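# how would this look folded up:
(2 chains)
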Amino acid sequence: MTASAPRGPSPLLPLAFLATAALAFVLAGLALPWLAVELSGHYYHPRLVALTHTLTLGWITLSMLGASYQLIPIVLGRTVWSERLGRWEFGLAAVGVIGVVGHMAIASWPGFLWSATLIGAGVLLHVLNVALTVRGLARWSFTSSMLVTGFVGLVLTTMFGAALGVEHVRPFLPGDFYARLHAHLHLAVLGWVLPVVLGVSAHVYPLFLLAPPPSARVLAIQAWGVAAGVPAVVVGLLASSALAALGALAVAVAAVTHVLWVASLLRSSRRPGFDAALRFLVAGAVYLTLDAVLGVALAFGVVAGPRWSLVYGVLGFGGWVSLTIVGMMLKIVPFLVWYRAYAPLAGRGRVPALVDLRWPIMERIAFGALAGGIALLAAAVGVGHAAAIQGASLIVMVGILAFAADLGSVLHHLVPCPLRAAVRPS
Amino acid sequence: MALPRTAPVRPAELAAIPAARCVSLDVRAAIRSGEEPFAQIMAAVAGLAADQVLVLRTPFEPRPLYRVLGKRGFAYWTEQGAEDDWSVWFYRGDCTASPAAPTPAPRTADTIDVRGLEPPQPMLAVLERIERLGPGQTLTVVHDRRPTFLYPQIEARGYVHRTDEPEPGVVRIVIERPQP
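Presented below is the predicted three-dimensional model:
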């Protein structure tokens, strides 16, 4: 038996990342209806590239970096090596995202480069922090392996993105411009986001659903799908469409295995009902299935063209990734706020339950508008009808604002207020 | 109006239990707001001392809970106050000992199993239990992971703790309230 005196993980560091990420999501949601005309055209438009990076860097990457500061202590059973380093990382990444998105919107590439450098520095600090945290780890689980894989993918994506920026100022890269663009995007989604989602969900979904953990077979299929499929897709997009198609198949097998496992969890769950967070996570898994099928269809040439590519992007970023992150946030943020505001009082007096921190009506609006709105938006960009895109975008915007209102109602518990004491129903 | 399937009159041994030994949990608001309070209920059950009774208030008869808690050795008695107001007493067979019985010796060790509970229910259950520890008494927590968020809360309250893993996937934390 070993005595332990661990430092306590700070909830404020992940909350800073998550709140900033949510702000980026709101800004993207507000911009969406104004970009309906651009969305009805070709996807390579400066404003659409800026919107995409508001989502990929501001919303997705910042939320995943922040969530890792909450999840790493839980998954690895040890606190992060340096939260001070994490605060520096947050500052660099947040300023860098603003710079990258702003300069992309006005197609100013020198300005983009210094902003990308800031993000790169932030990413390196995060990877250094994680590396020093996992140093000497005796047991490597599927989750810890997938997290490390994801961080390697993040570094490669950042370097690839910076190289694409340099290419605008001083051309040096061989090959086709769109092939490089597609490879960069797939490295981000499949090399960074997918491993982290698979790894984290393998650990936390059984906790959320009160269900058994995934079998070794399920984990092995997902691990092999990522390990074999992601490099094949990225290299294949640059060099060989046949290789990309085979890689897409491998990734799709990993994704479908994950979705089937989620479905089996739902069947074996001991929970009598699902809260809003779980509904978002399940909806995200449904969108992952649709996106995987469309991705394979694009890879094999069954469908082609910028309209299908946009549908693929909407289903992936808007459906699978965004709904999954919303679901995760609705689990993580109330816990962190409760921990900061009420854990010191637990056992000594009445404290609110997590449900008391949330705003259920806003969660219902957010779920309906986001889960339904994304489907409508995918259909509208597929048709390429600007008015339909604008209508669907407005629904999505309402969903994002409702989600933000719900998060705000949770976060306001961090503000000291004597009137808020003992709110637990009894 | 559906009637509960238990005795219409509160059993005498249950009626004899003083209110101080009843732990009340009202989940009506949570259920009405769309939440499911299973984890909250199980945390309250995990936090019950051997002589305590859980009085659960729900907007409907919680029949699935009868079987779940029955497997844990709990009997139940149900009372319906209104169409959407049910109170269920969950109690162990040995908790109905006469209050006039001799006071047992103070417990020096206790165990709580929080595996399978969703955060923050394990932390809540543990913090509620350690507040009742006397000087020199210990609480053994059986967990499914090292609770890194719990440790600082325990330390801030002046308790000492040690952790080991007696078998893969099982983490045991022994928390002791130091002698003054």
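# roughly how far apart are whatever residue of chain B ends up closest to chain A and A:P11?
Residue nearest to chain A within chain B (C-beta to the nearest C-beta): B:P152, separated by 2.9 Å. Any C-beta I mention is one placed from the backbone N, CA and C, and that applies to glycine too. The gap separating B:P152 from A:P11 is 11 Å, by C-beta to C-beta, to the nearest Å.
# quick one: which of the two has more around it?
Using other C-beta atoms under 10 Å in any protein chain shown as the criterion, B:P152 and A:P11 rank with A:P11 on top: 22 against 19.
# In contact with the more buried one: list those residues for me.
A:Q70, A:L336, A:V337, A:Y339, A:R340 (C-beta atoms under 8 Å, 6 or more residues apart in numbering or on different chains).
# Near chain B, list only the ones from those residues.
Among the contacts of A:P11, the ones lying near chain B by C-beta under 8 Å from any C-beta of the partner chain are A:Y339.
# would you turn the contacts of A:P11 into CSV with neighbour count?
CSV is the format used below for those (neighbours: other C-beta atoms under 10 Å in any protein chain shown):
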residue, neighbour count
A:Q70, 26
A:L336, 26
A:V337, 20
A:Y339, 24
A:R340, 15
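# of all the contacts of A:P11, which comes closest to A:L310?
Of all the contacts of A:P11, the one with the least separation from A:L310 (C-beta to C-beta) is A:Q70, at 33.3 Å.
# For A:R271, give me its contacts.
A:L209, A:L210, A:L278, B:E36, B:F38, B:A39.
# which stretches of chain B form helices?
Assigned by DSSP state H, chain B shows helices spanning B:12-15, B:28-32, B:38-46, B:63-70, B:121-130, B:150-156.
# Equivalent analysis for the stretch 301-426 of chain A, please.
Applying DSSP state H, counting those that start in this stretch to the stretch 301-426 of chain A gives helices spanning A:306-313, A:322-341, A:354-357, A:360-383, A:386-411.
# Could you report the pLDDT at the residue of chain B closest to chain A?
pLDDT for B:P152: 90.
# what about A:G29, which helix or strand?
helix A:12-31 (DSSP states H and E).
# buried ones in that helix?
A:13-29, A:31 (16 or more other C-beta atoms under 10 Å in any protein chain shown).
# neighbours of residue 173, just the number please.
All of this refers to chain A. 13.
# think we crossed wires, I meant chain B
Residues near B:I173, counting by other C-beta under 10 Å, number 22.
# can you check A:P212 too?
12.
# List the residues that contact it.
Per C-beta under 8 Å, 6+ apart, neighbours of A:P212: A:P206, A:L265, A:S268.
# show me what contacts the residue nearest to B:S24 when sequence neighbours are not counted?
Nearest non-adjacent residue to B:S24, counting by C-beta to C-beta, 6 or more residues apart in numbering or on different chains: B:V55, 4.8 Å away. Counting by C-beta under 8 Å, 6+ apart, B:V55 makes contact with B:C22, B:V23, B:S24, B:L25, B:S87, B:V88, B:W89.
# how about stretch A:352-359 against chain B, any contact?
Yes. Stretch A:352-359 is in contact with chain B by C-beta under 8 Å from any C-beta, via A:A353, A:L354, A:V355.
# Turn these into CSV, columns for distance to B:T78.
CSV is the format used below for the residues of stretch A:352-359 next to chain B (distance: C-beta to C-beta, whole Å):
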residue, distance to B:T78
A:A353, 23
A:L354, 27
A:V355, 24
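# tell me the domain boundaries of chain B?
Chain B breaks down into these domains under automatic domain parsing: B:12-96, B:109-176.
# Least confident of these, on average?
domain B:12-96 (a mean of 76).
# on that earlier part again, nearest to A:L35, of the contacts of A:R271?
A:L278 (31.4 Å).
# Give me the packing partners of the helix or strand where the closest one lies, helices and strands only.
Assigned by DSSP H and E, A:L278 falls within helix A:276-299. On a contact count with 3 or more C-beta pairs under 8 Å, 6 or more residues apart in numbering or on different chains; DSSP states H and E, helix A:276-299 meets helix A:194-209, helix A:241-268, helix A:306-313, helix A:322-341, helix A:360-383.
# residues contacting A:A28?
A:L51, A:T54, A:L55, A:G58, A:W59, A:I400.
# Can you flag which of those residues belong to helices?
Residues of the contacts of A:A28 located in helices (DSSP H): A:L51, A:I400.
# can you tell me which helix or strand whichever residue of the stretch 151-300 of chain A sits closest to chain B belongs to?
Distances between the stretch 151-300 of chain A and chain B by C-beta to the nearest C-beta are smallest at A:G273, namely 3.8 Å. For A:G273, there is no enclosing helix or strand under DSSP H and E.
# Burial check on it, number of neighbours?
A:G273 has 12 neighbours, counted by other C-beta under 10 Å.
# Skipping adjacent residues, who's closest to A:G29 in space?
Nearest to A:G29 is A:I400, by C-beta to C-beta, 6+ apart, at 3.3 Å.
# wait, isn't that neighbour in contact with A:L370?
Yes. Counting by C-beta atoms under 8 Å, A:L370 is a contact partner of A:I400 at 7.0 Å.
# Many thanks, I have nothing further to ask.
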